[in-house]
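S.K.: Everything below, folded, please.
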Amino acid sequence: MSLVGFLRYAIQLYLTAVALNLKRMVKLLTRVNFNGRARATA
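M.R.: Numbering: from 1, shown residues only. The predicted model follows:
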């Protein structure tokens, strides 16, 4: 495998991992915020 091909694969893998982590973080943050608002209004 060439170095360029490996770098492209590594970058794609890294970006995919970042995107998945961002989705997970947003889900966790919105869930926490909604729970907090529900408790505050209740």
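
S.K.: residue boundaries of the helices in this structure?
M.R.: 3-41 (DSSP state H).

S.K.: pLDDT weak spots in the chain?
M.R.: 1, 33-42 (pLDDT under 70).

S.K.: Residue 27: neighbouring residues, count only.
M.R.: For residue 27, the neighbour count with other CB atoms under 10 Å is 10. (Glycine included, C-beta is placed from N, CA and C.)

S.K.: got it, and residue 8?
M.R.: Neighbours around residue 8, by other CB under 10 Å: 11.

S.K.: cool, the one 10 residues further on as well?
M.R.: Around residue 18 sit 10 other residues, with neighbours defined as other CB under 10 Å.

S.K.: How about residue 10?
M.R.: Residue 10 has 10 nearby residues by other CB under 10 Å.

S.K.: So it versus residue 20, what's the distance?
M.R.: Using CB to CB, to the nearest Å, residue 10 is found at 16 Å from residue 20.

S.K.: ok, now residue 28?
M.R.: 13 Å.

S.K.: Same question for residue 8.
M.R.: 19 Å.

S.K.: Same check on residue 30?
M.R.: 16 Å.

S.K.: number of nearby residues for residue 7?
M.R.: The number of residues packed near residue 7 is 10, by other CB under 10 Å.

S.K.: ok, it - contacts?
M.R.: If a contact means CB atoms under 8 Å, 6 or more residues apart in numbering, then residue 7 has no contacts.

S.K.: Distance check, residue 26 against residue 17.
M.R.: 15 Å.

S.K.: meant to ask about residue 11
M.R.: Distance of residue 11 to residue 17, computed by CB to CB: 11 Å.

S.K.: what do the two both touch?
M.R.: By CB under 8 Å, 6+ apart, no residue touches both residue 11 and residue 17.

S.K.: Render the CA-only coordinates of stretch 14-25 in PDB, please.
M.R.: C-alpha atoms of stretch 14-25 as PDB (Å, rounded to 0.1, in the frame of the first residue of the first chain):
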ATOM      1  CA  TYR A  14     -10.500   9.800  11.500                       C
ATOM      2  CA  LEU A  15     -13.200  12.000  10.100                       C
ATOM      3  CA  THR A  16     -15.800   9.200  10.400                       C
ATOM      4  CA  ALA A  17     -14.900   8.700  14.000                       C
ATOM      5  CA  VAL A  18     -15.100  12.400  14.700                       C
ATOM      6  CA  ALA A  19     -18.600  12.600  13.100                       C
ATOM      7  CA  LEU A  20     -19.800   9.600  15.100                       C
ATOM      8  CA  ASN A  21     -18.500  11.100  18.300                       C
ATOM      9  CA  LEU A  22     -20.100  14.500  17.600                       C
ATOM     10  CA  LYS A  23     -23.500  12.800  17.000                       C
ATOM     11  CA  ARG A  24     -23.100  10.900  20.300                       C
ATOM     12  CA  MET A  25     -22.100  14.100  22.200                       C
END
